[in-house]
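K.L.:
pasted the sequence and its predicted model underneath.
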Amino acid sequence: MRILVIGKNGQLGRSIQKIVDTDIKIDKRPIPSEYIFVGREELDLSSDKNISRYFDNNKFNIIINCAAYTQVDRAEQQEELANQINHLAVKQLASIASNQQARLIHISTDYVFDGESNKPYLETDVPNPINVYGRTKLAGEKAIKTIMSMDALVIRTSWLYSEYSNNFVSTMLKLGRERDELSVVSDQMGSPTYSTDLADVILEIIKHKKFRDEAQTTQIYHYSNEGEISWYEFAKQIFKIEKIECKVHPITSQQYPTPAKRPRNTLMNKDKITETFSMNIYNWKKSLKTCIYYYK
Ligand SMILES: NC(=O)c1ccc[n+]([C@@H]2O[C@H](COP(=O)([O-])OP(=O)(O)OC[C@H]3O[C@@H](n4cnc5c(N)ncnc54)[C@H](OP(=O)(O)O)[C@@H]3O)[C@@H](O)[C@H]2O)c1
């Protein structure tokens, strides 16, 4: 079983690598499998020729795509590049997976929604992205569904953070230690997701009988940690856990304009993933504590 993980230097790619390395150490793998982790150096998604060349020489049973153009604000200026990575490269990966008879696991985002619903989003709700990043990610999802009616799985997640690289938690820890007070947006609601939890879910799905044994129609699933909060509450909890004395002031999105518009409320309903794969989801506060523990 050859499993390719694309995006080895990103938050999710590194989290998957961390778990796989631990599993190998304690020999927890139920089925012999070889994981191959690649980053931009080995597989540059900005070039269709590079992608073709890489897969001409390499065949896989499962392809997990954790790579993406994730800079939401910069995407407004770099639409072509964002579209190449989040849409056209994904389309090509879907064709390759289909030709190689490989399963494809792809990660998408809550930003495919406009955030105007007052109910948690279901997988069947109609997306309506309000920024370039969301539009390109949705185009990637649609390409997968068109090319692979079977054997692909798309997981939409939200507010991803980790002990790796720059994210909201690392930024708050840094700013909170430098400043006495901070203003943080309180009118955007959603669910944070600890990257290790998502990595665990992906690896559990791969081991799951339903994924392994049955030819499956392509599915979208929603996954985040449990709970719904604003960025303001998220910042306050980060400071509370770390006992950082920094006063947090709630502000509106209007008071903090950004190049890309952000959806107001992207809470996602996760019943489909929990029921299909019989899994429990950690509450955001518990996972945040775990993540901050690993910063030390
Ligand atoms: N971060 C969030 O808050 C969030 C929220 C919802 C959904 N998601 C989705 O979750 C997934 C994982 O996100 P993440 O936070 O782990 O992302 P990340 O930390 O930003 O990592 C993305 C990775 O993609 C790679 N990449 C970018 N352009 C590439 C190219 N041309 N060729 C090859 N690789 C390229 C980057 O490589 P380099 O390291 O070389 O730059 C980086 O390692 C993505 O699909 C994202 O859209 C993220």
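P.N.:
Okay, I see it. Numbers count the residues shown, from 1 in each chain.
K.L.:
once you drop chain neighbours, what's closest to residue 169?
P.N.:
Excluding the flanking residues, the one nearest residue 169 by C-beta to C-beta, 6 or more residues apart in numbering is residue 161, at 4.5 Å. Yep, even glycine has a C-beta here, placed from its N, CA and C like the rest.
K.L.:
quick check: the one you found touching residue 168?
P.N.:
Yes: if you go by C-beta atoms under 8 Å, residue 161 and residue 168 touch, sitting 5.6 Å apart.
K.L.:
touching both of those two, which residues are there?
P.N.:
In terms of C-beta atoms under 8 Å, 6 or more residues apart in numbering, residue 161 and residue 168 are both contacted by the residues residue 192.
K.L.:
up against the ligand, what does this protein have?
P.N.:
Proximity of the chain to the ligand, by C-beta under 6 Å from any ligand atom, involves residues 7, 9-13, 39-40, 43-46, 66-70, 85, 107, 109, 137, 157-160, 165.
K.L.:
only the buried subset of these, as a PyMOL command please.
P.N.:
Command for PyMOL that selects the buried part of these, burial taken from 16 or more other C-beta atoms under 10 Å:
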select buried, resi 7+9+10+11+12+13+43+44+45+66+67+68+69+70+85+107+109+137+157+158+159+160
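K.L.:
please flag which of the residues of the chain next to the ligand sit within helices.
P.N.:
Here DSSP state H is the test, and the residues of the chain next to the ligand give 11-13, 137 as lying in helices.
K.L.:
list phi and psi for the closest residue to the ligand within the chain.
P.N.:
Proximity of the chain to the ligand (C-beta to the nearest ligand atom) peaks at residue 10, 2.2 Å away. In terms of degrees, to the nearest 10, the main-chain angles of residue 10 are phi -90, psi 180.
K.L.:
wait, it sits on residue 165?
P.N.:
Yes: checked against C-beta under 8 Å, the pair residue 10 and residue 165 is within contact range at 7.3 Å.
K.L.:
which residues in the stretch 151-296 of the chain form helices?
P.N.:
For the stretch 151-296 of the chain, the helices defined by DSSP state H, counting those that start in this stretch occupy 168-178, 195-207, 209-213, 231-242, 271-276, 284-295.
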